[in-house]
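Q: structure for this input, please:
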Amino acid sequence: MGMEGSEAIRAPHPLAAMAEPARAAWNVAELILAQQQLKAAPRGDGRPIMLLPGLFNSDRSNIVMHGFLGKLDYRVFGWELGRNFGVRAVGPEAERLIERVEAIRDETGETVTMIGVSLGGIMARIVAHRRPDLVREVITISAPYAGSPTATNVWKAFELLTGEKIGDEAVKARLAEAALPLPMPSTALWSRSDGLVNGLICRDDSCRAVEIHSSHMGVQLKPETLLAIADVLAGQAPDQR
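A: The predicted model follows:
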């Protein structure tokens, strides 16, 4: 599914949004219970991986995923651009983000696998379109790139934090660009029970779609998410349309 028909897709119910903090806390608790499963995840091949945080978040929000993938022998990098305030962080043309990906490619001598949470996933797809020479693979986590921003409960926060309006031509153009099929392998992790964004706009028919069961807040901490990422990177994740 893509942009067409997205008008009929609505934001999650307000009660689902209200439940997000409690569900996020449970994601943290699940980490303690899933240590043996996480230790059994398939080992990596040393490829460079860049993690992109969601709206308002910084590299600190991805510390668990960073540590998990590092223990699997991947070379993991943060984006080092502070908090994700949209274009305020990455530049009007994502130039600061592209420079960061380019620096990782130059340091490692390899193209970069980009893993982005929510808004970070949208940004990863944009970079992959603009500089496919830098990107090996893209994995998005609950990233609402394939539909209208009004199918989320965070669009007003986006406007407040980024200084842009969802009706701005530049914003609409970037979202349309992000929704286009990517020229490299791509996977979208999405949740039907996401309380902040409608999971149906977090995946499309041109990429592998893997359904997880998670809140939006703290989705990058959930063991199910981490294990799905490890399987995707190892080429073991099944298609789940």
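
Q: pretty sure Phe158 contacts Thr150?
A: No: the pair Phe158 / Thr150 is not scored as a contact, 10.9 Å apart, by Cβ atoms under 8 Å. Just so you know, the C-beta spots here come from the backbone N, C-alpha and C atoms, and that holds for glycine as well.

Q: which one's more surrounded, those two?
A: Per other Cβ atoms under 10 Å, whichever of Phe158 and Thr150 has more neighbours is Phe158, with 20 against 15.

Q: joint contacts of Phe158 and Thr150?
A: Ile166 (Cβ atoms under 8 Å, 6 or more residues apart in numbering).

Q: for Pro21, which non-adjacent residue is spatially closest?
A: Closest residue to Pro21 apart from its sequence neighbours, by Cβ to Cβ, 6 or more residues apart in numbering: Met217 at 6.5 Å.

Q: nope, Lys165 is what I was after
A: Using Cβ to Cβ, 6+ apart and skipping residues adjacent in sequence, the residue nearest Lys165 is Glu159, 5.6 Å away.

Q: got the buried residues for the host helix or strand of Gln37?
A: For Gln37, the host element (DSSP states H and E) is helix 35-39. Neighbour-count burial for helix 35-39 flags Leu38 (criterion: 16 or more other Cβ atoms under 10 Å).

Q: ditto for stretch 92-110
A: Residues of stretch 92-110 classed as buried by neighbour count (16+ other Cβ under 10 Å): Ala94, Leu97, Ile98, Arg100, Val101, Ile104, Arg105.

Q: rebuild the residues you listed as TSV, extending it with secondary structure and pLDDT.
A: As requested, the buried residues of stretch 92-110 are exported to TSV (DSSP: H, G, I helix; E, B strand; the rest coil; pLDDT from 0 to 100):
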residue	secondary structure	pLDDT
Ala94	coil	98
Leu97	helix	98
Ile98	helix	98
Arg100	helix	98
Val101	helix	98
Ile104	helix	98
Arg105	helix	98
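
Q: Ser214 against Ala24, yeah?
A: No: applying Cβ under 8 Å, one finds Ser214 not in contact with Ala24, separated by 9.0 Å.

Q: do you have the strands of this structure handy? List them.
A: Taking DSSP state E as the test, the strands found in the chain are 48-52, 75-77, 112-117, 135-141, 186-191, 208-212.

Q: from Pro42, how far out is the residue nearest to Pro21?
A: Met217 sits 27 Å away from Pro42, going by Cβ to Cβ, to the nearest Å.

Q: could I get the contacting residues of the residue nearest to Pro21?
A: Glu20, Pro21, Arg23, Ala24, Gly195, Leu196.

Q: what about this protein, any weak spots by pLDDT?
A: Within the chain, the ranges that satisfy pLDDT under 70 run 1-7, 237-241.

Q: which residue of it lies farthest from its centroid?
A: Most distant from the centre of the chain: Gln36, at 25.1 Å, with distances by Cα atoms, centre = their mean.
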